[in-house]
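Chemist: Pasting a predicted model and its sequence here:
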Amino acid sequence: MEKVTALCKRRGFIFQSSEIYGGLSGFYDYGPYGVALKRNIRELWWRHLVELRDDVVGLESTLIMHPEVWKASGHVDNFVDPLVQCLGECKRRWRADQLQGGRCPNCGGELSEPRLFNLMFATHVGPVADSASEVYLRPETAQGMFVDFKNVLNSTRVRIPFGIAQQGRAFRNEITPGNFVFRLREFELMEMEYFVKPGDDDRWFEYWRAERMRWYQEVLGVRADRLRFFDHPKESLSHYSKQTTDIEYDFPFGWGELEGVADRTDFDLRTHQERSGEDLSYLDPETNERYLPWVIEPAVGADRIAVMLLLDAYDEDEVKGETRVVLRFHRNVAPVQVAVMPLSKKEELIGPAREIVTALRPHFRVEYDQTGGNIGRRYRRQDEVGTPYCVTVDFESLQDRAVTIRERDSMEQVRVPIADLAQRLQERFQL
């Protein structure tokens with residue numbers, strides 16, 4: 001993890017938030033390559049869960065909702081972790097359920113008795129900060145899809161089974177954030193609520209369980225031996241869940257949750273219907289049967305996918321007696337797919353290189369690199385950000401109208417006519 005964290009700062013993937021003021025625990029900023037990586041994750045998720053299907057629609061709800069939403073959902077009463085505080089020298093706070101032994105893991109001091117701590121960030125709406133104006137920053141995006149279920153149903157032609165998908169920021173006041181961007185206080189969620197007929201939930205639960213695992217392996221290129229299912233035992237299920245499976249990844253700190261697939265029953269629609277007084281039932285147009293749909297929910301954080309991809313892609317090998325650091329990103333997620341480099345800063349090479357960049361940009365994510373340093377160092381820099389292919393324009397290119405394609409993983413180089421470059425790259429990306 002330390003090597004990946006250092007690489008992220010060195011190459012502009014992820015920075016500590018407010019670093020010049022000492023940083024803020026549980027908050028991180030994404031640099032240029034991190035933004036590109038995270039954008040690719042979001043777009044691939046949206047593409048495969050919404051755009052390539054005819055049974056899922058999108059929604060964008062607000063970060064702040066009516067406080068009754070969180071009372072109905074159970075977050076006010078149940079969204080808590082057990083908190084203990086060190087009574088010794090360091091005075092740090094810890095999650096009691098993550099500690100082994102009865103002493104502070106930092107200084108060895110005694111610990112207080114545990115108390116329940118609500119993870120929602122509270123704030124106020126309006127000019128007066130009192131209990132009547134108290135609201136919460138959302139800890140999940142799911143509730144927006146439940147309270148807008150009726151609006152989506154009445155304004156579209158969707159029919160059960162169908163899903164509502166949403167991406168957006170969420171906030172949780174974690175007691176002990178950590179493991180880089182694995183556990184944050186501000187993060188980005190990607191959740192989908194798939195509404196099904198009661199009694200069909202087991203079938204759809206198995207479908208989404210398998211479909212989400214397939215997405216990681218086939219679309220993101222994650223190694224299968226680093227992924228596994230973890231089925232939650234009955235005693236550890238959330239208050240709303242009939243059954244939950246986590247897709248876990250083998251992180252450096254052990255197996256950890258990457259994504260959860262939960263059978264939420266009709267809990268959310270039922271509780272919102274009872275508390276709001278609004279009828280949230282569904283009338284089946286074929287059977288004329290009215291019922292509250294059950295819900296299957298695949299939910300994942302984009303930040304967790306990002307750190308997982310960085311860890312999965314990180315590799316080191318030896319080239320001419322030196323250690324080469326390389327991110328072996330799958331072509332779908334690589335922040336840069338093709339880097340174009342003139343061999344030198346001479347104008348006769350810069351012009352043709354710029355023309356190649358213009359020709360390739362409609363087809364690939366392209367970066368132009370004419371920075372100083374020899375071509376080998378520039379290759380190494382592109383290896384560290386995970387660029388699959390580099391295209392070099394040299395002085396021979398002025399004569400033979402050809403360029404060199406250099407492949408990241410094998411470091412093999414081939415000469416290709418400029419006229420055929422886009423097609424040859426497309427062939428390589430489709431392998």
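Modeler: In hand now; what should we look at? Numbers count the residues shown, from 1 in each chain.

Chemist: Just give the closest residue to the residue nearest the centre of the chain, not the sequence neighbours.
Modeler: Centroid-nearest residue in the chain: residue 302, 1.2 Å away (criterion: C-alpha atoms, centre = their mean). Excluding its sequence neighbours, the residue lying closest to residue 302 (C-beta to C-beta, 6 or more residues apart in numbering) is residue 188, at 4.2 Å. Bear in mind the C-beta positions are built from the backbone N, C-alpha and C, glycine included.

Chemist: bridging residues for that neighbour?
Modeler: For residue 188, the beta-bridge partners under DSSP bridges are residue 169.

Chemist: where does it sit relative to residue 389, distance-wise?
Modeler: Between residue 188 and residue 389 the distance is 29 Å, computed by C-beta to C-beta, to the nearest Å.

Chemist: cool, and residue 400?
Modeler: For residue 400, the distance to residue 389 - C-beta to C-beta - is 20 Å.

Chemist: Next: residue 15.
Modeler: Distance from residue 15 to residue 389, counting by C-beta to C-beta: 27 Å.

Chemist: Out of these two, name the residue with the larger neighbour count.
Modeler: Regarding residue 15 and residue 389, a neighbour count based on other C-beta atoms under 10 Å identifies residue 389 as having more, with 21 against 15.

Chemist: For the more buried one, give its distance to residue 360.
Modeler: Residue 389 is 10 Å from residue 360, by C-beta to C-beta.

Chemist: Mind listing the shared neighbours of the two?
Modeler: Contact criterion C-beta atoms under 8 Å, 6 or more residues apart in numbering; residues shared by residue 389 and residue 360: 338, 425.

Chemist: Show me the shaky parts of the protein.
Modeler: Low-confidence segments of the chain (pLDDT under 70): 372, 431.

Chemist: Now with 80, please.
Modeler: Applying pLDDT under 80 to the chain flags the ranges 372-373, 431.

Chemist: So it: which segments form each domain?
Modeler: As given by automatic domain parsing, the domain ranges for the chain are 2-63+137-310, 336-429.

Chemist: Quick one: those domains as CSV, columns for distance to residue 90 too.
Modeler: Below are the domains of the chain laid out as CSV (distance: least, C-beta to C-beta, whole Å):
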stretch, distance to residue 90
domain 2-63+137-310, 13
domain 336-429, 37
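
Chemist: just to revisit the earlier point, so what's the residue count around the residue nearest to residue 302?
Modeler: 21.

Chemist: That one and residue 305 touch, don't they?
Modeler: No. Proximity of residue 188 to residue 305 does not meet the contact threshold set by C-beta atoms under 8 Å, at 9.6 Å.

Chemist: For the stretch 251-400 of the chain, just list every one of the helices.
Modeler: Remark: helices assigned in the stretch 251-400 of the chain by DSSP state H, counting those that start in this stretch are 267-276, 302-313, 347-360, 375-385, 397-400.

Chemist: Can you check which of those helices gets nearest to residue 97?
Modeler: Checking those against residue 97 by C-beta to C-beta gives helix 302-313 as the closest, at 19.9 Å.

Chemist: now the closest one: how far from the chain's centre is it?
Modeler: The gap between where helix 302-313 is centred and where its chain is centred comes out at 8 Å by C-alpha atoms, centre = their mean, to the nearest Å.

Chemist: still on that earlier bit, how about the helices of the stretch 251-400 of the chain in CSV, adding distance to residue 29?
Modeler: Shown next, in CSV, are the helices of the stretch 251-400 of the chain (distance: least, C-beta to C-beta, whole Å):
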stretch, distance to residue 29
helix 267-276, 33
helix 302-313, 12
helix 347-360, 28
helix 375-385, 17
helix 397-400, 39
